[in-house]
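Undergrad: fold the following and give me the result.
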Amino acid sequence: MLKQRIKTFFGQGFGTQFIKNDLSAGIVKSIDSVTGGMANALLAGVNPMYGLYTVLAATPIGALFSSSVYMNIDSTGALAAAAGSFLVIVPEADRPAALAMLTLLTGVFMLAAGLLKLGFLTRFISNAVLRGFITGIGVNIILGQLGDFTGYSSSYSNKVVKAIDTLMNLNQVDLQVLLVSMTTLVLAVVLDRTKLYKFSMLIALVAGTLLVPLLSLTTVPLVSSMGELPSSLPRPVLPDFSYLSLMLAPAFSLTIIALAQSAGISQAVPNPDGEYPNASRDFTGQGAANLAGSLIQGLPAGGSLGGTTYLMKLGARSRWASFIIAISAAVIILLLSPQISKIPLSALSALLMYVGYQTINVRDIRLIWRTNPSSRALMIYTFLVTLFLPLQEAIFFGVALSFAVFAFKESENTTIVALETDAEGYPVELPVPTVLPDNKVTFLKIYGSLFFAGAKNFEEDLPDVDATHNAVVILNLRGYNELGATFITVLERFAKDLQKNGNTLMLVNVSPQVYSQLVNTNRIRILGEENVFQLDVHGESARQANERAEKLIKRQLP
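TA: Next up, the predicted model:
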C-alpha cells in the first residue's frame with residue numbers, strides 16, 4: 001500500500017530508469033531555470049540573484065504539494081513583468097523587501113484558492129479559449145526571442161511589431177549571433193529526431209557555447225552581460241510587513257494571472273497515469289511554493305507552460321525532476337557560476353524558440369477549427385488578444401470570455417417540452433403548445449440553466465394563458481437543487497397569470513433546497529403549499545400531482 005501511494009505521488013516510482021530520466025531532465029532544465037530566472041528578475045526590476053533564489057525554493061516545494069506531476073513551478077515572464085509594474089513605485093533600494101512581501105501575499109492568496117477548492121472554476125474555461133491562449137503564448141515565446149536570436153534589438157514593445165521590424169532590418173542582424181543561434185536550433189531539431197533526443201537540447205546548448213571561443217566570436221552577448229551570478233546560497237529573511245497594504249492589491253492581481261496560467265497546464269497536461277491533475281491542489285502547491293520563496297526573497301512563481309513543456313521534452317517522468325532542478329541550481333550557483341556566465345544568450349534563445357514551437361499543438365488547433373464556427377472564432381480571438389495585449393491582460397480577457405460564453409450557451413440551451421403518454425403508456429416529448437388548452441393537465445419538463453438569461457428564455461417559451469380556463473400546469477423541477485432569484489420571479493408571474501382565470505400551477509420533484517427557497521421567499525404561499533410536491537425516488541410526487549390536477553379540472557367542468 002505504501003509503495004503504491006509513493007508511486008502515485010511521485011508519478012512513476014523509484015526505478016533506476018526513471019531516476020536517470022529525471023536526473024538528466026532536471027540537470028538540463030536547471031540551466032534554463034537559472035538563466036531564465038535571471039532574465040525574469042531583471043524584468044521585475046530587481047537583482048538577477050532573486051530569480052535564482054526562486055528556483056531553489058518555489059520549484060521543489062511546489063512539486064511537493066501540487067497535484068500535477070509534471071508542472072514546472074517557477075518565475076514566468078508574465079508574472080515578472082506584472083511584478084515589475086507594481087514594484088516600480090517602490091524605491092530601488094527597498095524593492096527586495098517589497099518583493100518578499102509581494103511573493104508572500106501571492107502565496108497566501110493562492111493557498112486560499114486551493115484550500116477553498118476553487119479549481120472547479122477552471123471547468124468554465126473554454127477549450128477553444130485555452131488553446132488560443134496557449135498557442136498565443138507559444139508564438140509570443142518565439143517572437144520574444146528574436147532579439148537575442150538575431151542580435152538586432154528592435155525599439156518597439158509589441159512582439160509582433162518587433163518581428164516585423166526585425167524582418168525589415170535584416171541588414172542589421174549580427175551574423176556572429178545568428179551563427180550561434182542557428183547552429184543551436186538546427187542541432188536541437190535534428191538531434192530531437194535521433195536516439196539522442198533526451199539530450200538534444202543539452203548537446204545543442206554546449207555546441208552553441210563552444211562556438212564562441214573556437215571561432216573567436218566577439219559580438220555574441222553572454223549570460224554574464226545580464227549581471228553577476230551569486231556564489232553562495234541565500235539565507236532566510238522575514239518579509240517586511242510595512243509593505244503589506246501596498247502589495248495587497250498587486251498580489252491579488254498576480255494570483256489571478258498565475259492561477260489562470262496553471263489552469264491551462266492542469267487541463268492540458270495529464271499525469272503519467274493518464275488522469276488530469278486536480279486544479280485546486282495545483283493552486284495549493286503554488287501557494288506553498290510562493291510562501292517558501294518569500295523567505296529567501298524569490299520572485300512570485302506559478303505554473304510555467306514553457307517550463308513544463310521543456311521538462312517533459314527532456315524526458316522527466318516524476319516529481320523528482322523538480323527536486324533535481326533545485327539541487328542542480330544550488331550546485332550551479334556554488335560551483336559553476338563562471339561556466340554558466342559564458343553561455344551565449346543567442347543559444348538560449350534558440351532553445352526557447354524551439355520550446356515555443358512545441359507548445360503549438362496543431363492537432364488540437366485543427367480539431368477546434370473543424371468543430372464549429374463559434375469555437376473557431378473563440379480560438380482566433382483569444383490568440384490575437386494574446387499576441388497584441390500584455391499577457392496578464394490577455395489572461396483576464398480569456399477567462400472573462402470563457403465565463404461569458406458559458407453563461408450565453410447555458411441560457412441559449414434552456415428549453416421546455418410538454419410530456420404526454422402515447423397509446424402504450426410511454427412518455428413522449430412534444431413541443432410546448434403556443435396557447436395553453438382549456439380543461440386539460442399540461443405536464444412541462446425543463447432542460448438547461450434556470451439562472452439569469454436562462455430564466456428569461458424559459459418565460460418566453462411558456463404557453464400563452466390569457467384566454468385559458470380550468471387548466472393545470474405541472475412543472476417538473478427534478479435535477480434542480482437551487483433556483484435563481486430571476487427564475488423565482490418568473491415562476492411567481494406565471495402562477496399569478498394562471499390564477500387570473502381559475503388555472504393552477506403545480507411543482508413536482510421539488511428538492512429540499514428548492515422547497516426551502518420557496519418557503520424563505522414566501523412564494524409557497526402564492527403557489528399554495530398543496531400544489532408543491534417534494535422530490536421522491538419513485539415518481540410518486542408526479543402521480544399525486546396528476547391525480548390532484550384531474551380532480552380540480554373535473555370539479556369545475558359544467
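
Undergrad: which intervals of this protein have sub-threshold pLDDT?
TA: Across the chain, the ranges flagged by pLDDT under 70 are 1-18, 121-125, 198, 226-230, 391-392, 395, 406-413, 425, 452, 537-538.

Undergrad: give me the domain ranges for it.
TA: Following automatic domain parsing, one gets these domains for the chain: 15-151+220-340+362-407, 415-556.

Undergrad: including mean neighbour count and distance to residue 213, could the ones you listed go into a markdown table?
TA: (Each C-beta comes from the backbone N, C-alpha and C, glycine too.) Output for the domains of the chain, formatted as a markdown table (neighbours: other CB atoms under 10 Å; distance: least, CB to CB, whole Å):
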| stretch | mean neighbour count | distance to residue 213 |
| --- | --- | --- |
| domain 15-151+220-340+362-407 | 21 | 10 |
| domain 415-556 | 16 | 66 |
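
Undergrad: now those as TSV including distance to residue 183?
TA: Formatted as TSV, the domains of the chain follow (distance: least, CB to CB, whole Å):
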stretch	distance to residue 183
domain 15-151+220-340+362-407	11
domain 415-556	57
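
Undergrad: to residue 189, which of those lies closest?
TA: Nearest of those to residue 189, taken as CB to CB: domain 15-151+220-340+362-407 at 12.0 Å.

Undergrad: all strands of the stretch 401-550 of the chain, in order?
TA: Remark: strands assigned in the stretch 401-550 of the chain by DSSP state E, counting those that start in this stretch are 415-421, 427-430, 441-447, 472-476, 504-510, 532-534.

Undergrad: present the ones you listed as JSON lines; the columns should include distance to residue 78.
TA: Listed next are the strands of the stretch 401-550 of the chain as JSON lines, based on distance: least, CB to CB, whole Å:
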{"stretch": "strand 415-421", "distance to residue 78": "41"}
{"stretch": "strand 427-430", "distance to residue 78": "49"}
{"stretch": "strand 441-447", "distance to residue 78": "40"}
{"stretch": "strand 472-476", "distance to residue 78": "48"}
{"stretch": "strand 504-510", "distance to residue 78": "47"}
{"stretch": "strand 532-534", "distance to residue 78": "51"}
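
Undergrad: do you know which of these lies nearest residue 67?
TA: The closest of the strands of the stretch 401-550 of the chain to residue 67 is strand 441-447. By CB to CB, the value is 33.5 Å.

Undergrad: tell me what that closest one is packed against?
TA: Applying 3 or more CB pairs under 8 Å, 6 or more residues apart in numbering; DSSP states H and E, we find strand 441-447 packed against strand 415-421, strand 472-476, helix 540-556.

Undergrad: parallel or antiparallel, list what pairs with the shortest one.
TA: The one in question is strand 472-476. Here strand 472-476 is paired, per DSSP bridges, with strand 441-447 (parallel), strand 504-510 (parallel).

Undergrad: which residues are contacting the last one?
TA: Counting contacts by CB atoms under 8 Å, 6 or more residues apart in numbering, the residues outside strand 504-510 that touch it are 471-478, 491, 494-495, 498-499, 518, 527-528, 531-536, 541-542, 545, 548-549, 552.

Undergrad: could you do the first one as well?
TA: By CB under 8 Å, 6+ apart, the residues outside strand 441-447 that reach it are 413-420, 429, 432-433, 436, 458, 463, 471-477, 480, 542, 546, 549-550, 553.

Undergrad: the same query, at a cut-off of 6 Å, please.
TA: Strand 441-447 has contacts (CB atoms under 6 Å, 6 or more residues apart in numbering) with 415, 416, 417, 419, 472, 473, 474, 475, 476, 549.

Undergrad: centre of the chain to it, how far?
TA: Relative to the chain's own centre, strand 441-447 is displaced by 39 Å; criterion: CA atoms, centre = their mean, to the nearest Å.

Undergrad: go on, stretch 455-472?
TA: On the basis of CA atoms, centre = their mean, stretch 455-472 sits 42 Å off its chain's mean C-alpha point.

Undergrad: check which helix or strand covers residue 298.
TA: In this structure, residue 298 sits in neither a helix nor a strand according to DSSP states H and E.

Undergrad: not counting its neighbours along the chain, what's nearest it?
TA: Using CB to CB, 6 or more residues apart in numbering and skipping residues adjacent in sequence, the residue nearest residue 298 is residue 54, 3.7 Å away.

Undergrad: which residues are in contact with the one you found?
TA: 37, 75, 293, 298, 299, 301.

Undergrad: separation between the residue nearest to residue 302 when sequence neighbours are not counted and residue 34?
TA: Counting by CB to CB, 6+ apart, residue 302 lies nearest to residue 258, which is 3.1 Å off, once chain neighbours are set aside. Residue 258 sits 21 Å away from residue 34, going by CB to CB, to the nearest Å.

Undergrad: cool, residue 147 as well?
TA: According to CB to CB, residue 147 stands 20 Å off from residue 34.

Undergrad: residue 323 too?
TA: According to CB to CB, residue 323 and residue 34 sit 16 Å apart.

Undergrad: could you do residue 105 as well?
TA: In terms of CB to CB, residue 105 sits 26 Å off from residue 34.

Undergrad: now swap in residue 111 and tell me
TA: 27 Å.

Undergrad: could you do residue 463 as well?
TA: Per CB to CB, residue 463 is found 70 Å from residue 34.

Undergrad: go on, residue 126?
TA: Taking CB to CB as the criterion, residue 126 is separated from residue 34 by 36 Å.

Undergrad: do residue 246 as well
TA: From residue 246 across to residue 34, the span is 30 Å (CB to CB).

Undergrad: now swap in residue 417 and tell me
TA: 62 Å.

Undergrad: can you check residue 95 too?
TA: To residue 34, residue 95 is 21 Å away according to CB to CB.

Undergrad: by contact count, what packs against the lengthiest helix in the chain?
TA: Longest helix in the chain, counting residues (DSSP state H): helix 16-44. Contact partners of helix 16-44 among helices and strands, from 3 or more CB pairs under 6 Å, 6 or more residues apart in numbering; DSSP states H and E: helix 49-65, helix 77-87, helix 320-335.

Undergrad: so is the most centrally placed residue in the chain in a helix, a strand, or just coil?
TA: By CA atoms, centre = their mean, the chain has its centre lying nearest to residue 263, at 2.4 Å. The local conformation at residue 263, judged by DSSP: H, G, I helix; E, B strand; the rest coil, is helix.

Undergrad: before we move on, which element is residue 128 in?
TA: Using DSSP H and E, residue 128 maps to helix 127-144.

Undergrad: please apply the same query to residue 281.
TA: Going by DSSP H and E, residue 281 is part of helix 279-294.

Undergrad: what's that helix packed up against?
TA: Counting by 3+ CB pairs under 6 Å, 6+ apart, helix 279-294 packs on helix 49-65, helix 95-115, helix 244-268.

Undergrad: if you set the cut-off to 8 Å instead, what comes out?
TA: Against helix 279-294 (3+ CB pairs under 8 Å, 6+ apart) you get helix 49-65, strand 72-74, helix 95-115, helix 244-268, strand 302-304.

Undergrad: which of the ones you listed sits closest to residue 85?
TA: For those, proximity to residue 85 was assessed by CB to CB; helix 244-268 is nearest, at 8.4 Å.

Undergrad: list the helices and strands that closest one packs on?
TA: helix 77-87, helix 95-115, helix 127-144, helix 279-294, strand 302-304, helix 305-313, helix 391-412.

Undergrad: between the third one and helix 244-268, how big is the angle?
TA: This points to helix 127-144. Here helix 127-144 runs at an angle of 110 degrees relative to helix 244-268 (axes from the mean of the first three to the mean of the last three CA atoms, to 10 degrees).

Undergrad: now the element after helix 127-144, going C-ward?
TA: Next in sequence after helix 127-144, counting helices and strands by DSSP H and E, comes helix 146-150.

Undergrad: what's downstream of that next one, the next helix or strand?
TA: Under the assignment DSSP H and E, the closest C-terminal helix or strand after helix 146-150 is helix 159-167.

Undergrad: what is the helix or strand just after that following helix packed up against?
TA: Using DSSP H and E, the helix or strand that follows helix 159-167 in sequence is helix 175-191. Judged by 3+ CB pairs under 8 Å, 6+ apart, the packing partners of helix 175-191 are helix 146-150, helix 200-214, helix 345-358.
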